[in-house]
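1. give me coordinates for this.
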Amino acid sequence: MAYLLQRLGGLVQELQSEPSAAVLTVGVVVITLALLQLLRPRPPGPRFVIPFLGETLSILKDPAAFFLRGYLRYGGVYKTSLMGVPMYCVLEPSAVRDLLKGDGSEAVTFSVPFATFSRLVSDWDHMVDGPVHDQWRKAMALALSPSSIERYLPALEKTIREALESWERQGAVPLLEACGDMALSFAMDVLIGVELTHTDRSWFKQQILLTLEGLYTLYLPFPGTTYSKAQVAKANVIAALVKELEEQVQQTLQADPAAGEAAANASVFRHLDGAAKCRLLLSQQEYQLDSDVVSSVMERLKQLESSAPASNTDLAPAAELEAAIGSSGGITLADAQFEFLRAQRRLTLESAAGRILGLFAAAVDTSRLLIFTALAFLAQLPEEVDKLREEQQQVISRHGSALTPAVLSELVYLEGVIKETSRLLSASRVAVRQAVKPLQLNGVHIPADAYLLYSVDCMHCLEPTLWQGPGCIPPGRDVPPYMDWRCNLKEAFQPARWLPGSPNKPKHLLTFGAGSHM
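-> Numbers count the residues shown, from 1 in each chain. Alright, predicted model coming up:
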């Protein structure tokens, strides 16, 4: 390289003696710099990608085939570009494990590099790995404890019954839209727990779904685009939630003025990426949680979690269902998020509304995709539907028709169907992390602040109980038969592989989420 630079300098001096050689001089410099760029050591990956888009179009066509192809061509860790963002694809299972084990060690953290997500869900520094996130997870876990889930079941059953009756009355429904409406109903009424007293329910649900449509679309801030419609819908949702939460927030701030004293901190984090948020949270004492405040918040949440009465088993099934729904009590995800804002001393109307919008993004999008995919698969596999009905009748004969934890624990084939659906077509097909400091993965150097993406599809393609090397991919196909739901769903979809005692039970199953807790 030094020799090339020396020769370049001499050539430039020679050409400058001729006035007409200026253009040639520029050309020589450009070509030389391009050659130097090509000769520079770089990580594995494609040399050239489409500007601004990268390999986005290829991944949208078939994510499983795209990542498996990249794994076979470039290796377990390689660099590419997606939606114009430089990205390290981490595909080797051992490297994915190292990546996830790094969470909590201040090496990598949650981050989202896509402009659409960051603008629609702007308040997510509580998701960044570290002590704040650890406490947030504990608060959320109380709303998802076994006893809380048991209390959700009557309302879940009611939501499903009402949805199915509505679908039957209509005769034909757009399935993805109908699944989204059902998932949103359960999230609003039970899981998140938002009571709408000033807002039209149908309009609010429509605005939520429009917001979700924009999370991972292209950033095109022009009138009429999916993103611009999502921005308008987000503003509508926030305004509606502010109105609904006003009384609760004002009462809390009057009783505990300190609950909002650090509200200005939210703006500090708003435009930072995950790595920058993580470093700030770990280095600045003013952003840490007060242990005494956290203890009091967690105590309040535990009291709420244990406040719901047990169901009355002496009632008839229909009456028991209505009684359970009417007296569910307990804690919701909104309660947990609300109390955690108090722990952060960042409680305002806007922050509470923003956090609840984030809950909708997490709860609804993944649920509707899972329900839709499972129903779409089963519609093509009548023999699997027969097996589910047979199992259901056997369980009903032993426990009755009410949905209870005992009933769910015996629906093992249904559990297999859900897991097999997630294995073939997960609701969250990729996850992104960001390096807080330099690290090595699979022999590849990852610089600080680099984005790392791992593919759920590729992990499932490389399932050790099924993967037998590239030779197991049939000619003319892009993925192994056990992942080829597009061309041979019947062979690929095998719920029995998940049953207890199955010799071929998969070892890999990534569904939704990221981090060492997986």
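
2. looking at it, Pro495 is touching Glu420, isn't it?
-> Yes: here Pro495 reaches Glu420: they are 4.6 Å apart, a contact under Cβ atoms under 8 Å. C-betas here are computed from N, CA, C, even on glycine.

3. quick check, pLDDT for the closest residue to Asp484 other than its chain neighbours.
-> Closest residue to Asp484 apart from its sequence neighbours, by Cβ to Cβ, 6 or more residues apart in numbering: Ala492 at 5.3 Å. On pLDDT, Ala492 comes in at 97.

4. flag the shaky bits of the chain, pLDDT-wise.
-> Scanning the chain for pLDDT under 70 picks out 1-41, 102-105, 308-329, 512-518.

5. start to end distance for stretch 203-221?
-> Length of stretch 203-221, first residue to last, Cα to Cα, to the nearest Å: 23 Å.

6. same question for stretch 503-511.
-> One end of stretch 503-511 sits 22 Å from the other (Cα to Cα).

7. could you do stretch 57-77 as well?
-> 20 Å.

8. got the buried residues for that stretch?
-> By neighbour count with 16 or more other Cβ atoms under 10 Å, stretch 57-77 contains the buried residues 58-59, 63-71, 74-77.

9. what about the helices in the stretch 401-518 of the chain?
-> Here the stretch 401-518 of the chain has its helices, by DSSP state H, counting those that start in this stretch, at 405-410, 412-424, 456-461, 489-492.

10. closest to Arg47 out of the ones you listed?
-> Set against Arg47 and scored by Cβ to Cβ, these come closest in helix 456-461, at 21.5 Å.

11. show me what the closest one packs onto, helices and strands only.
-> helix 63-74 (3 or more Cβ pairs under 8 Å, 6 or more residues apart in numbering; DSSP states H and E).

12. could you rerun that using 10 Å?
-> helix 63-74, strand 85-90, helix 93-102, helix 412-424, strand 430-435 (3 or more Cβ pairs under 10 Å, 6 or more residues apart in numbering; DSSP states H and E).

13. tally of neighbours for Glu244?
-> If you count neighbours by other Cβ atoms under 10 Å, Glu244 ends up with 20.

14. wait, it touches Arg201, no?
-> No: in terms of Cβ atoms under 10 Å, Glu244 does not count as a neighbour of Arg201; the distance is 11.4 Å.

15. nearest to Asp181, of the buried residues of stretch 57-77?
-> Pro63 (26.1 Å).

16. for the stretch 351-500 of the chain, which segments count as strands?
-> Along the stretch 351-500 of the chain, counting by DSSP state E, counting those that start in this stretch, strands occupy 430-435, 439-441, 444-446, 451-455.

17. now the angle from the last one to strand 430-435?
-> Spelled out, that is strand 451-455. 150 degrees (axes from the mean of the first three to the mean of the last three Cα atoms, to 10 degrees).

18. ok, strand 451-455: who's next to it in the sheet?
-> Using DSSP bridges, strand 451-455 pairs in its sheet with strand 85-90 (parallel), strand 430-435 (antiparallel).

19. so how far is it off the chain centroid?
-> Between the mean C-alpha location of strand 451-455 and the chain-wide mean there is a distance of 13 Å, by Cα atoms, centre = their mean, to the nearest Å.
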